[in-house]
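**Q** Could you look at this predicted model? Sequence included:
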Amino acid sequence: MSEQVRVLITLATYNEMENLPGLLEQIRQFAPQADVLVVDDNSPDGTGRWCQEQSATWPWLHCILRPGKLGLGTATMEAMRWAMEHQYHWMLNMDADGSHRPEDLPVLLGRALDPHEPVDVVIGSRYVPGGQVQGWPWHRQWMSRAINTYARWLLGLKVRDCSGAFRCYRVEVLKRLDWEWIRSRGYSFQEEVLFHLQQAGARLAEVPITFVQRRHGQSKINLQEAWSALWVLAMLGLGRLIPGRKLSNPTEQPR
């Protein structure tokens, strides 16, 4: 990685104390020149407090401590704004639960920094050749593929993995987003931000990654949030498919 290129790796956390210390160690192993930003939603298990304490001695680690569970989408948006304000060139977002492997970081960054094929967003994809999912039961994999098909059809997205959060964004292209019209506050943020970036002319690419079932803790998604995400995608799709249709700005409830 060129020393002139500033990369920020971002993690949204809520009760990830079991995962975060080991994950940070692995991130430093596979992306030693990157800084890390943790956005914590007041984790009762002390994730945010631990991160803040460690940042005092680790200059590459930064923390934003929020007052409560404000939603995965808002955490990612806050990280994006922080990356823009602090003049990073690339922001690479990944989950903090161990499902995104740090050993895949060089693959995403290598594609992002390839001077021969410029790109604005690199998606760590489960659904391109070479990508895979480990540890999910068949119904979870079926649901994920169905949601991706739904999002591609409604939003006209040109990539196969629309819902994964393992992504590398060119920070300059994030400045094209109209933040006031981001509807999602939870998991549909992943599809919506791709939709807006594609509409703004961003160049999207996918690289294969291995997604694994989280190692510790419990998943944060629930049925209510899943339905909220489908509703937001439906409203976005109607706005795209029906010319001139003016929609309200419905938002998901925080996670």
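**A** Thanks, I have the structure now.
**Q** Might you list the low-confidence residue ranges for this protein?
**A** 1-3, 214-235, 237-255 (pLDDT under 70).
**Q** SS state for Val133?
**A** Secondary structure for Val133, judged by DSSP: H, G, I helix; E, B strand; the rest coil, is strand.
**Q** Ignore what I typed, I meant Met91.
**A** Strictly by three-state DSSP, Met91 counts as strand.
**Q** Please apply the same query to Gly201.
**A** Secondary structure, three-state DSSP: Gly201 is coil.
**Q** Can you show me the strands along this structure?
**A** For the chain, the strands defined by DSSP state E occupy 7-13, 35-40, 61-65, 90-93, 121-125, 132-134, 167-170, 204-208, 210-212.
**Q** Take the ones you listed and lay them out in CSV including mean neighbour count and distance to Glu192.
**A** From N, CA and C alone the C-beta is placed, and that goes for glycine too. As requested, those are exported to CSV (neighbours: other CB atoms under 10 Å; distance: least, CB to CB, whole Å):
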stretch, mean neighbour count, distance to Glu192
strand 7-13, 25, 16
strand 35-40, 24, 18
strand 61-65, 18, 21
strand 90-93, 24, 14
strand 121-125, 25, 13
strand 132-134, 13, 23
strand 167-170, 24, 13
strand 204-208, 19, 14
strand 210-212, 19, 21
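**Q** Need these in CSV (columns: distance to Ser184).
**A** Below are those laid out as CSV (distance: least, CB to CB, whole Å):
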stretch, distance to Ser184
strand 7-13, 13
strand 35-40, 16
strand 61-65, 19
strand 90-93, 14
strand 121-125, 17
strand 132-134, 23
strand 167-170, 15
strand 204-208, 18
strand 210-212, 21
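**Q** Could I get the contacting residues of the spatially closest residue to Val212 that is not a sequence neighbour?
**A** Excluding its sequence neighbours, the residue lying closest to Val212 (CB to CB, 6 or more residues apart in numbering) is Gln134, at 4.6 Å. Taking CB atoms under 8 Å, 6 or more residues apart in numbering, we find Gln134 in contact with Thr210, Phe211, Val212, Gln213.
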